[in-house]
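Engineer: Got a predicted model here, sequence first, then my questions.
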Amino acid sequence: MNRFMNAIAITTTLILAQSCSLLPRDEGKPISATTHQHEERSMSGSHHREHSTSGAGDKKKAFAQAKLKVTSNITSNKNIPIVIGVQDSDGKAIANFDTFQEKLMHLILVSDDLQFFSHLHPTYKENGQFEVAARFPQAGNYTFFSDYKPAGQTEQVSVLKTQVSGNSIAAPEIDLNRSKTFNDIKVNLAVSEPTVKAGKEVSLMFELQDASNNQPLTDLQPYLGERGHLVILRQSTSLTAADYIHAHALKDAPAGQVHFMTSFPQPGKYKLWGQFNRNGKIVTADFWINAV
């Protein structure tokens with residue numbers, strides 16, 4: 001039976017990031033968001049609890065700020081309406097956004113223990129409002145990484161947090177296995193270096209095979225305008241933009257393979273979510289990597 005859980009705290013933090021659009025697609029370079037100083041203000045309503053944070057780096061106001069609205073009563077494993085409002089530094093709604101990677105906003109939702117991952121694309125409802133339905137599988141802390149690009153501006157990443165009350169389930173031990181099967185697809189992850197060192201570029205090579213015969217997949221199609229999509233997060237007590245990496249797929253790779261180039265900025269354990277389009281169905285393959 002589903003049980004009701006209350007969202008007891010919602011905070012949002014605005015982080016500015018270098019625009020992905022400034023990076024050549026064929027180089028496969030990663031984007032890693034960096035944290036700026038911020039001052040927080042909060043507002044609450046009778047049906048929603050909201051908090052917004054405006055960034056301020058080098059004594060300059062951030063161009064945009066994001067605000068999260070979610071019902072205070074959350075039912076597990078049910079579609080919960082989420083609203084993200086984007087405003088400029090003066091509190092006025094931003095009306096126009098540029099499309100990047102085929103969408104106006106990319107919303108990455110993860111549990112802070114990195115066991116749950118969802119890649120959502122909110123619908124723009126005008127006047128700076130984006131709407132989407134999200135699911136929270138169990139109690140615990142959750143973080144949204146919201147990528148959007150106000151018209152004429154560089155890409156910005158807002159980090160928004162919510163905590164869902166209840167009895168959480170302990171996360172399983174970290175599995176460093178680099179060969180896994182997801183439904184009918186076997187995915188092998190190869191790394192260009194035997195030891196992943198913090199700050200050093202490495203190639204991450206995903207080999208996708210039909211699990212029934214170990215043959216390379218021949219029906220891979222582009223996803224969000226590229227051969228694949230890769231999100232990486234560093235294991236952390238409280239996720240921040242400094243823990244977030246988004247890498248672009250390299251253009252040239254053998255059949256049934258998708259390659260990325262990236263680097264891991266700090267030592268630690270990182271979780272990877274590679275997403276691929278197999279004949280119209282999105283496959284998400286997750287792996288752990290330890291950087292020293």
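Structural biologist: That came in fine, so what should we check first? The shown structure was predicted, so the numbers you read here are calculated from the model rather than taken from an experiment. Numbers count the residues shown, from 1 in each chain.
Engineer: quick one, domains of the chain?
Structural biologist: According to automatic domain parsing, the chain comprises the domains 4-164, 179-291.
Engineer: in this structure, what secondary structure element scores lowest on mean pLDDT?
Structural biologist: Every helix and strand of the chain was ranked by mean pLDDT, DSSP states H and E. The lowest is strand 38-44, at a mean of 26.
Engineer: Start and end of stretch 85-96, how far apart?
Structural biologist: End-to-end span of stretch 85-96 (CA to CA, to the nearest Å): 12 Å.
Engineer: Mind telling me which of the domains of the chain the model trusts least?
Structural biologist: Among those, domain 4-164 carries the lowest mean pLDDT, at a mean of 70.
Engineer: give the contact list for Gln235.
Structural biologist: Leu114, Gly268, Lys269, Tyr270, Lys271 (CB atoms under 8 Å, 6 or more residues apart in numbering). C-beta: built from backbone N, CA, C; applies to glycine.
Engineer: Skipping its backbone neighbours, what lies nearest the first one in space?
Structural biologist: Read that as Leu114. Lys271 (4.6 Å; CB to CB, 6 or more residues apart in numbering).
Engineer: which SS class is that neighbour?
Structural biologist: strand (DSSP: H, G, I helix; E, B strand; the rest coil).
Engineer: Quickly list what it is bridged to.
Structural biologist: Counting by DSSP bridges, Lys271 is bridged to Leu233, Trp288.
Engineer: Thought Trp288 was touching it, still the case?
Structural biologist: Yes. Contact status for Lys271 versus Trp288: in contact at 5.5 Å, counting by CB atoms under 8 Å.
Engineer: ok, these two, which is more surrounded?
Structural biologist: The residue with more neighbours, out of Lys271 and Trp288, is Lys271; 19 against 16, by other CB atoms under 10 Å.
Engineer: what's that one in contact with, if anything?
Structural biologist: Neighbours of Lys271 in contact, by CB under 8 Å, 6+ apart: Leu114, Ile232, Leu233, Gln235, Asp286, Phe287, Trp288, Ile289.
Engineer: now Pro150
Structural biologist: Counting by CB under 8 Å, 6+ apart, Pro150 has contacts Phe63, Ala64, Val86, Asp88, Ile94, Asn96, Phe97, Asp98, Gln156.
Engineer: farthest-separated two in these?
Structural biologist: Of all pairs drawn from those, the greatest distance, 15.1 Å, lies between Asp88 and Asp98 (CB to CB).
Engineer: More neighbours: these two, which one.
Structural biologist: Asp88 (18 against 15).
Engineer: Minimum distance to Pro172: which of the domains of the chain has it?
Structural biologist: domain 4-164 (7.5 Å).
Engineer: How about the backbone phi and psi for Asp243?
Structural biologist: In terms of degrees, to the nearest 10, the main-chain angles of Asp243 are phi -90, psi 0.
Engineer: Revised request: answer the last question for Ala241.
Structural biologist: Torsion angles, degrees, to the nearest 10, at Ala241: phi -60, psi -20.
Engineer: So which bits of stretch 259-267 are buried?
Structural biologist: For stretch 259-267, the buried set under the neighbour-count rule, 16 or more other CB atoms under 10 Å, comprises His259, Phe260, Met261, Thr262, Ser263, Phe264, Pro265.
Engineer: residues in contact with the fifth one?
Structural biologist: Under the criterion of CB under 8 Å, 6+ apart, the contact partners of Ser263 comprise Pro30, Ala198, Gly199, Lys200, Glu201, Val202.
Engineer: farthest-separated two in those?
Structural biologist: It's Pro30 and Ala198 that sit farthest apart of the contacts of Ser263, by CB to CB, at 13.5 Å.
Engineer: Who is the most centrally placed residue in the chain paired with across the strands?
Structural biologist: Centrality entry for the chain: nearest residue to the mean C-alpha point is Ile108, 3.1 Å, by CA atoms, centre = their mean. Beta-bridge partners recorded for Ile108 (DSSP bridges): His119, Phe145.
Engineer: List the contacts of it.
Structural biologist: So Ile108 contacts Phe117, Ser118, His119, Leu120, Phe144, Phe145, Ser146, Asp147, Val231, Tyr244 (CB under 8 Å, 6+ apart).
Engineer: gap between it and Ala95?
Structural biologist: Ile108 sits 24 Å away from Ala95, going by CB to CB, to the nearest Å.
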